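S.K.: coordinates for the following, if possible.
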Amino acid sequence: MTCQIGSMNFLKHLPTLLDTGANSGNLPQVLTGMHGPGVAKDGQMASDHIRILTSKLLQRMPINVDEDCIDRKLWRSEKRKVEHDVEAISKTLGVMLLDATSAAYLGKQNSKEMGVRFGGNNHLQSMVQEIMTLQDKLDITSSKPVFQAQEEDIVGKILWTCLHGIHLEIEGVLENVVHHVLDDSSVSAKVLGMRAELLQEMGNIFKNALPNFQGDDQPYLWQVTYNAKLGISKHHLYNDEQPDHESLRGNVRK
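M.R.: Numbering: from 1, shown residues only. Reported below is the predicted structural model:
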């Protein structure tokens with residue numbers, strides 16, 4: 001993923017983000033401004049980071065400006081590199097982030113959609129608070145089944161919070177990069193059209209990626225993360241099942 005957006009700063013800056021009250025609504029802009037070894041008062045470092053990524057993306061687009069055409073042979077080679085990147089990501093939980101890359105390349109604005117799916121603008125703050133509350137409960141839990149269910153909920157929420165933040169960071173960075181690629185007065189309208197065409201092809205590669213997990217732990221982590229995304233609590237499900245079990249045991253005794 002770093003070959004697409006460079007280094008990601010969400011986890012590094014999470015304590016600061018929480019202290020400053022960053023939320024899902026402004027996180028892409030906040031994180032974009034944090035890129036680079038440091039940020040000058042005028043945001044110069046962040047701008048340099050975007051320019052570097054824009055340059056790297058343009059290097060993957062074999063457009064002959066003099067002849068106003070795409071070198072299809074070179075493009076096939078570049079597409080294989082993109083497919084190789086996506087294949088590597090699809091073997092990890094990072095596959096959950098590919099829709100952000102796809103949306104940016106395809107020019108789709110999915111921030112509103114994400115706000116609904118991720119619980120609105122206060123999701124980051126509320127999810128961290130939920131994790132802390134669950135951890136407090138876990139510390140005083142004596143029942144092994146309850147402990148395991150709570151532990152699974154915590155793991156899922158931690159993973160989903162991290163993926164959510166990184167997802168928003170990718171969206172913010174790539175939105176800026178794509179804007180620079182397509183809003184370039186130094187080239188002709190025809191060249192800009194070819195750039196848009198190649199972005200669409202790259203976006204579809206990311207869009208069509210499917211999970212290809214390696215090992216037994218990846219499917220399990222995927223499931224607990226997806227449960228957290230959907231708001232499914234293993235702990236609550238376990239508690240809901242207990243009255244039925246008690247009733248069944250009572251009937252057996254009779």
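S.K.: where does the stretch 1-150 of the chain dip in pLDDT?
M.R.: When residues are selected by pLDDT under 70, those of the stretch 1-150 of the chain lie in 1-46, 109-124.
S.K.: what segments of it are strands?
M.R.: Listed in chain order, the strands of the stretch 1-150 of the chain (DSSP state E, counting those that start in this stretch) span residues 63-64, 69-70.
S.K.: same list (these) but as TSV, adding distance to Leu168 and mean neighbour count.
M.R.: Placement of C-beta: from N, CA and C, glycine included. Formatted as TSV, the strands of the stretch 1-150 of the chain follow (distance: least, Cβ to Cβ, whole Å; neighbours: other Cβ atoms under 10 Å):
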stretch	distance to Leu168	mean neighbour count
strand 63-64	31	16
strand 69-70	32	16
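S.K.: just put the ones you listed in JSON lines and tack on distance to Val146.
M.R.: Conversion of the strands of the stretch 1-150 of the chain to JSON lines gives the following (distance: least, Cβ to Cβ, whole Å):
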{"stretch": "strand 63-64", "distance to Val146": "60"}
{"stretch": "strand 69-70", "distance to Val146": "59"}
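S.K.: what sits closest to the residue positioned nearest the centre of the chain if chain neighbours are left out?
M.R.: To find the centre residue of the chain, average its C-alpha atoms and take the closest one (Cα atoms, centre = their mean): that gives His167, at 2.4 Å. Distance criterion Cβ to Cβ, 6 or more residues apart in numbering; nearest residue to His167, sequence neighbours excluded, is Ala100 at 4.9 Å.
S.K.: same check, this time on Val155
M.R.: Leaving out its chain neighbours, the residue that sits closest to Val155 by Cβ to Cβ, 6+ apart is Val224, at 5.4 Å.
S.K.: shouldn't the one you found be in contact with Ile154?
M.R.: No - here Val224 lies out of contact with Ile154, judged by Cβ atoms under 8 Å, at a distance of 9.3 Å.
S.K.: first-to-last residue distance for stretch 134-151?
M.R.: Across stretch 134-151, the terminal residues are separated by 8 Å (Cα to Cα, to the nearest Å).
S.K.: identify the residues contacting that stretch?
M.R.: Stretch 134-151 is contacted from outside by Asp153, Ile154, Lys157, Lys234, His235, Leu237, Tyr238, Asn239, using Cβ atoms under 8 Å, 6 or more residues apart in numbering.
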